[in-house]
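1. Provided below for reference: sequence and predicted model.
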Amino acid sequence: MLLAKGVFIMAKTVVKKSVWLLPVILLSYFVVGFPDGAFTISWLGIYEDFSLSVVHSGYILVGYSVTYTLAGVLLSRFNRFMRLQTIYFWGLIIMGAGFVWLALSQNFFSVLGGITLYGFGTGAMASSMNSYMAKHFTARHNNWMHCFWGGGASVTPLIMSQMMALLSWRAGYFVITGILGVVAIILLMSMYKKIWINEEENISQEDPNKADEARPYLEKKWHQAVEIFTFFFLGGTDYTLVFFTGMVLIDRGLSYEMAGFFSAVYYISMTAGRMFFGWSAKRLREVPIIRIGIAIAIAGIGVLYFTGNIVGMALTGFGLAPLLPTLVSDTSNRFSPRILSKLVGYELAAFGAGIAVLFFATSLVLEYITLEALFPIGIGFIVLVALCNEVLERARKRLKD
């Protein structure tokens, strides 16, 4: 009921293009969380079936992240001859094809191929829709959209763990692909009914041209580089923690079923966090939300490290929850609307690159040194996110002065 009420209130804050537009966006973004949530559990079955090592997960995530990053980099090129919503739809189709490929895999290289394919689809969906939201909606809406991502990432570990208990991880991917098919039909119907906002339209209450004249923006190349690195470190933080925490806790004696529950709690807490911070966006600006989230996440990782308690997992998910959507939204405050779409594409590409590079580096440390190094590494990544954000905030304050 709370979620439905939130959707209704958000819908009233924008110019009415169609009463169905925002619900379609939120529902469809629900499935963008499927790959992350599903793989954290299916990996446990893949790991055993193909006799893999921890380092193999690094190779897999590199393959995923390379194509995810490539999709973000290519967004502006695709957008020259396709609308953002069309890119989003084809990303969904590619994701589904990758799931089917993965479900039919017979060796490590075919697993890598399937994940690489759906990585491109996921990257296309994430970059196109975040760019769309940055253009046509507000920071509050973006937090709520990512709340639905958390819902999808929360459901799929439960689906996958149940299907692994009954049949196999392959069956889990077929079930998830069926859900994607339903969402694809809804997207097709929405485009046929022409409920999407055209590129030249803007339903934001603020005139972007007036805002551009009245507000000083960060214009130097190094400002953009620091912004992109913020997302790079955030990508390494987010997925690395949720993926490897299960392995660390299993090594401490936790069961596979409880490891799946920890992953679900992480994504449920992330969903709740995005709901909470979405409401808080009415009273708090982006920078305080980012600082609060970072502090909560560091506290959560500390609890996991010293106690292994599920409360730590919940705090970590809750703290990380607002960082990605709020940082994306804050891009429109820091940088000119003229470069917004391209920069958001690079941000999401950097997020994927962070998953690839930092996840792989972490997997090497965990394989050859100790699994317990995960939590200090995670805190280090979050601190780097905080430092990048503070550098840009100081630069913006200097412009105002």
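-> It's in. Numbering: from 1, shown residues only.
2. from here on, contacts and neighbour counts on C-alpha atoms
-> OK.
3. Check residue 100 and give its pLDDT.
-> Each residue has a pLDDT score; the one for residue 100 is 91.
4. how much space between it and residue 248?
-> 29 Å (CA to CA, to the nearest Å).
5. what do you get for residue 115?
-> 23 Å.
6. Who has more neighbours out of those two?
-> Remark: of residue 115 and residue 248, residue 115 carries more neighbours, 27 against 21, as counted by other CA atoms under 10 Å.
7. For that one, what is the enclosing helix or strand?
-> helix 108-136 (DSSP states H and E).
8. mind listing what's buried in the helix or strand that that helix is followed by?
-> Note on helix 108-136: by DSSP H and E, the next helix or strand toward the C-terminus is helix 139-166. Neighbour counts over helix 139-166 (16 or more other CA atoms under 10 Å) mark 139-164 as buried.
9. Show me which residues of the lengthiest helix in the chain are buried.
-> The longest helix of the chain (DSSP state H) is helix 221-251. For helix 221-251, burial by neighbour count (16+ other CA under 10 Å) applies to 223-224, 226-249.
10. Now find how far off-centre it is within its chain.
-> Helix 221-251 has its C-alpha centroid displaced from the chain centroid by 11 Å (CA atoms, centre = their mean, to the nearest Å).
11. packing partners for that helix?
-> helix 34-49, helix 256-280, helix 340-368, helix 374-400 (3 or more CA pairs under 8 Å, 6 or more residues apart in numbering; DSSP states H and E).
12. which intervals of the stretch 151-300 of the chain have sub-threshold pLDDT?
-> Applying pLDDT under 70 to the stretch 151-300 of the chain picks out residues 198-215, 256-257, 281.
13. Could I get the helices and strands packed on helix 221-251 in TSV, plus columns for mean neighbour count and distance to residue 86?
-> Output for those, formatted as TSV (neighbours: other CA atoms under 10 Å; distance: least, CA to CA, whole Å):
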stretch	mean neighbour count	distance to residue 86
helix 34-49	20	20
helix 256-280	23	26
helix 340-368	24	16
helix 374-400	17	32
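14. how about CSV for those helices, with distance to residue 67 added?
-> Output for the helices and strands packed on helix 221-251, formatted as CSV (distance: least, CA to CA, whole Å):
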stretch, distance to residue 67
helix 34-49, 14
helix 256-280, 24
helix 340-368, 8
helix 374-400, 22
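15. Which among the ones you listed is found nearest to residue 290?
-> Among these, helix 374-400 comes nearest to residue 290, with 8.2 Å by CA to CA.
16. now that closest one against helix 340-368, angle please.
-> 150 degrees (axes from the mean of the first three to the mean of the last three CA atoms, to 10 degrees).
17. Tell me which other helices or strands helix 374-400 touches.
-> By 3+ CA pairs under 8 Å, 6+ apart, helix 374-400 packs against helix 221-251, helix 286-307, helix 340-368.
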